[in-house]
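> Please work out how this folds:
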Amino acid sequence: MAIMNNHHYAKTNHFSNNSPIHEFISAFPSPEQVNKLSWELLIAAMGSEHADMWSKEERANMMLFVELAQQALHEIYEPVEDFV
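Numbering: from 1, shown residues only. Here you go, the predicted structure:
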């Protein structure tokens, strides 16, 4: 599920261990994984029958939402050396 390498990405010291942000970071420790999953969800949504009901503006808003959500989520990630 999670992509692990020689770095921990999350700024986990900024959030309590029981916060939704800490839980999110624990489940998805890589910002690259978050970006990939969010775009996959958008592509799936755009290809669904429900997307046929969306106007051009609604489709553009969905794309903008994903882009801005990725930027906001990326702000909580920061490379930190893995000392383990």
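> C-alpha only now, for contacts and for neighbours.
Noted.
> List the buried residues for the helix or strand hosting Arg59?
In this assignment (DSSP states H and E), Arg59 forms part of helix 56-74. Across helix 56-74, burial judged by 16 or more other C-alpha atoms under 10 Å covers Arg59, Met62, Met63, Val66, Gln70, His74.
> So what's the gap between it and the chain middle?
11 Å (C-alpha atoms, centre = their mean, to the nearest Å).
> cool, stretch 21-30 as well?
The chain centroid and the centroid of stretch 21-30 are separated by 9 Å, computed with C-alpha atoms, centre = their mean.
> Looking at that stretch now, give me its mean pLDDT.
Mean pLDDT, stretch 21-30: 86.
> Show me the helices in this structure, by range?
20-27, 31-46, 56-74 (DSSP state H).
> which one of those has the lowest average pLDDT?
Looking at these, the lowest mean pLDDT belongs to helix 20-27 (a mean of 85).
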